[in-house]
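J.: structure for the following, please:
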Amino acid sequence: MRVLGGEYPPTKGSLSFSGKPVKLNSPQDALDSGIAVIHQEMVLAPDLSIAENIYLGELPLWVSRRAMQTNAASIIRRLGFDLNPAAEVGTLPVAHQQIVEIAKALSKNARVIVFDEPTAVLSEQDAQRMLSIIDDLRKTGVSVIYISHRLDEVLQIADRITVLKDGQSVATLDNREAEKATLSVDDLIPLMVGRPLSDLFGAPDNRKPGKEVLRVEGLSDNRRVKGFNLTVKAGEIVGLGGLVGAGRTEAVRLLFGAGPKSAGNVFLHGKPLKIRSPVDAVHAGIGLIPEDRKNHGTVLDFAISHNTTMARLDAVVVAGDIINHSREIGLVQQLANKLKLKCGAISDPVSSLSGGNQQKVVLAKWFHADCEVLIFDEPTRGVDVGAKAEIYTLIKYFAGLGRAVVVISSEHQELFGLCDRITVMREGEITGELLPPDYKEESLLKLAMVQGSAA
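T.: Residues are numbered from 1 along each chain as shown. I've put the predicted structure just below:
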């Protein structure tokens, strides 16, 4: 994608556009050729208006603000939205920021638009609307390259599907016959990881949950979380299910001390904890792999090694406050090998890694911290299927050490494949619990969508 967008120079191969060979030496060359790339991490100026973002890079010294806003509003209406072109982009929800990115591409008369994980941070409703917009673009003659780990979306929207593995094309498959999809997830998974979907979670293990480790009673913030209760035993993996916006992330952030609580208690091995901040949670032995790894899970510009050890510096510090770098490198290299981290060197910044390997750095940090409780919030969001399988193995490994594990996921099959039981939330409250014999989409959705009272 970055080669196609003119960011990376190709070292081999050729590129033709409209039947003519082209050489792209910069992103501007790609835009001039009619190729626009919408990255997973949006490239917007939050303090500028929608109109200014759309025409950024094209602005002359003197600007007719009225004309710019009129043109921007016209493009946005083409996409089926009515947004104020004078509104600051930083005030918009993520779904509307995505619309601004698409409007930028259309303002440059792009004939090919590359979408990289466009729905990764969207709700199901917004994701479906995004797919509808992309379908409308296709009908107007715009060619679309759609990159996603959400295979159901790929199957829904794509005419042809190319599978990549380790930087190489594995296969290209036709997915349309009489306007209907002809492929299934089971057709794609073996091409992506070399094994069927049922093998992603590995063989059943022999874990037997032990004594209670974590107990949460009546946790509330009087806003998004209303009386959250949870128990997790040693060696147990408990899932938190529910729809986007159900309050799952807010509940575990309260538990971790990352938000002010109005009521509730947290117990570890039966003893009450006073958690006023994430520092208190870490000292107590609770770790959180957050939903947003880039902003809350890592320091992107720091080295892989520093990110790995920052939650437990005492293991690498000598003489009070001096880091023993050789000890740090040894510890981090061991973890990198265990987690199968793919990187150039552990001194490289985390920003140099792929999404899946960034997530492994977050995992390495909490493995190094030696937590008794580890909470995974959307642990495989935005990572490829191969990395998913490796992360699943690590989660089960951690539980196998006798630790307590909580997994939040919007992918129901992920919860079914990993968890010993699933607690379901709706509008900040627990609505019920599922055990493996009841693991069905309908059962989970019923608890997630209908007001309940079980807790």
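J.: got any ranges where the stretch 51-200 of the chain has weak pLDDT?
T.: Residue ranges of the stretch 51-200 of the chain with pLDDT under 70: 59-62, 178, 193-198.
J.: what about 80?
T.: 57-63, 120-126, 149-150, 165-167, 178-181, 189, 192-200 (pLDDT under 80).
J.: all strands for it, in order.
T.: Per DSSP state E, counting those that start in this stretch, the stretch 51-200 of the chain carries strands over the ranges 112-116, 143-147, 160-165, 168-174.
J.: number of nearby residues for residue 75?
T.: Residue 75: 21 surrounding residues under other CB atoms under 10 Å. From N, CA and C alone the C-beta is placed, and that goes for glycine too.
J.: sorry, that was for residue 126
T.: Neighbour tally, residue 126, other CB under 10 Å: 17.
J.: for it, what are its contacts?
T.: Going by CB atoms under 8 Å, 6 or more residues apart in numbering, residue 126 touches 94-95, 119.
J.: let's see it at 7 Å
T.: residue 95 (CB atoms under 7 Å, 6 or more residues apart in numbering).
J.: and it, how close does it get to residue 118?
T.: 10 Å (CB to CB, to the nearest Å).
J.: mind showing which ranges of the stretch 351-455 of the chain have poor pLDDT?
T.: Judged by pLDDT under 80, the stretch 351-455 of the chain has its weakly predicted residues at 382-386, 449-455.
J.: strands along that one, start to end?
T.: Going by DSSP E, counting those that start in this stretch, the stretch 351-455 of the chain shows strands at 373-377, 404-408, 421-426, 429-434.
J.: for residue 107, which of these is the nearest?
T.: strand 373-377 (36.1 Å; CB to CB).
J.: so what secondary structure elements neighbour the closest one?
T.: The helices and strands touching strand 373-377, judged by 3 or more CB pairs under 7 Å, 6 or more residues apart in numbering; DSSP states H and E, are helix 248-255, strand 286-289, strand 404-408.
J.: quick one: those as JSON lines, columns for mean neighbour count too.
T.: Listed next are the helices and strands packed on strand 373-377 as JSON lines, based on neighbours: other CB atoms under 10 Å:
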{"stretch": "helix 248-255", "mean neighbour count": "25"}
{"stretch": "strand 286-289", "mean neighbour count": "26"}
{"stretch": "strand 404-408", "mean neighbour count": "26"}
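J.: could I get those as JSON lines with distance to residue 19?
T.: Converted to JSON lines, the helices and strands packed on strand 373-377 look like this (distance: least, CB to CB, whole Å):
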{"stretch": "helix 248-255", "distance to residue 19": "49"}
{"stretch": "strand 286-289", "distance to residue 19": "48"}
{"stretch": "strand 404-408", "distance to residue 19": "49"}
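J.: looking at these, spot the one closest to residue 202.
T.: Nearest of the helices and strands packed on strand 373-377 to residue 202, taken as CB to CB: strand 404-408 at 14.9 Å.
J.: so what strands line up beside the closest one?
T.: Strand 404-408 pairs in its sheet with strand 237-241 (parallel), strand 373-377 (parallel), by DSSP bridges.
J.: average pLDDT across the first one?
T.: Computed over strand 237-241, the mean pLDDT rounds to 96.
J.: that strand to strand 421-426, inter-axis angle?
T.: Put simply, strand 237-241 runs at 20 degrees to strand 421-426, going by axes from the mean of the first three to the mean of the last three CA atoms, to 10 degrees.
J.: still on that earlier bit, looking at the strands of the stretch 51-200 of the chain, which is nearest to residue 387?
T.: Of all the strands of the stretch 51-200 of the chain, it is strand 160-165 that lies closest to residue 387, at 11.7 Å by CB to CB.
J.: got the angle for the closest one vs strand 143-147?
T.: 40 degrees.
J.: just to revisit the earlier point, nearest to residue 12, of the helices and strands packed on strand 373-377?
T.: Across the helices and strands packed on strand 373-377, closest to residue 12 is strand 286-289 (CB to CB), at 37.5 Å.
J.: show me what that closest one is packed up against.
T.: Looks like strand 286-289 contacts helix 355-369, strand 373-377 (3+ CB pairs under 7 Å, 6+ apart).
J.: right, and the helix or strand after that strand?
T.: helix 304-309 (DSSP states H and E).
J.: how about that next one as CSV, C-alpha atoms only?
T.: C-alpha atoms of helix 304-309 as CSV (Å, rounded to 0.1, in the frame of the first residue of the first chain):
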residue,chain,number,x,y,z
ILE,A,304,10.9,-1.7,22.2
SER,A,305,13.2,-2.5,25.2
HIS,A,306,12.1,0.5,27.2
ASN,A,307,8.4,-0.1,26.5
THR,A,308,8.8,-3.7,27.7
THR,A,309,10.4,-2.9,31.0
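J.: any idea how far residue 24 is from the residue nearest to residue 34 when sequence neighbours are not counted?
T.: Leaving aside its sequence neighbours, residue 34 sits nearest to residue 111 (CB to CB, 6 or more residues apart in numbering; 3.9 Å). As judged by CB to CB, residue 111 and residue 24 stand 14 Å apart.
J.: go on, residue 128?
T.: Remark: distance between residue 128 and residue 24 (CB to CB) = 33 Å.
J.: could you do residue 175 as well?
T.: Taken as CB to CB, the span from residue 175 to residue 24 is 28 Å.
J.: right, and residue 138 touches residue 144 too?
T.: Yes - in this structure, residue 138 is within contact of residue 144 by CB atoms under 7 Å, at 5.7 Å.
J.: got the buried residues for the longest strand seen in the chain?
T.: Scanning the chain for the longest strand, with DSSP state E as the assignment, gives strand 212-220. Buried residues in strand 212-220, defined by neighbour count with 16 or more other CB atoms under 10 Å: 212-216, 219-220.
J.: returning to that earlier point: quick one, which of the strands paired with strand 404-408 gets closest to residue 274.
T.: Checking the strands paired with strand 404-408 against residue 274 by CB to CB gives strand 373-377 as the closest, at 15.8 Å.
J.: export that closest one as PDB, just CAs?
T.: The C-alpha coordinates for strand 373-377 follow below in PDB (Å, rounded to 0.1, in the frame of the first residue of the first chain):
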ATOM      1  CA  VAL A 373      -4.500 -10.500  36.900                       C
ATOM      2  CA  LEU A 374      -4.300  -9.500  33.200                       C
ATOM      3  CA  ILE A 375      -7.100  -7.700  31.400                       C
ATOM      4  CA  PHE A 376      -7.100  -7.900  27.600                       C
ATOM      5  CA  ASP A 377      -9.300  -5.200  25.900                       C
END
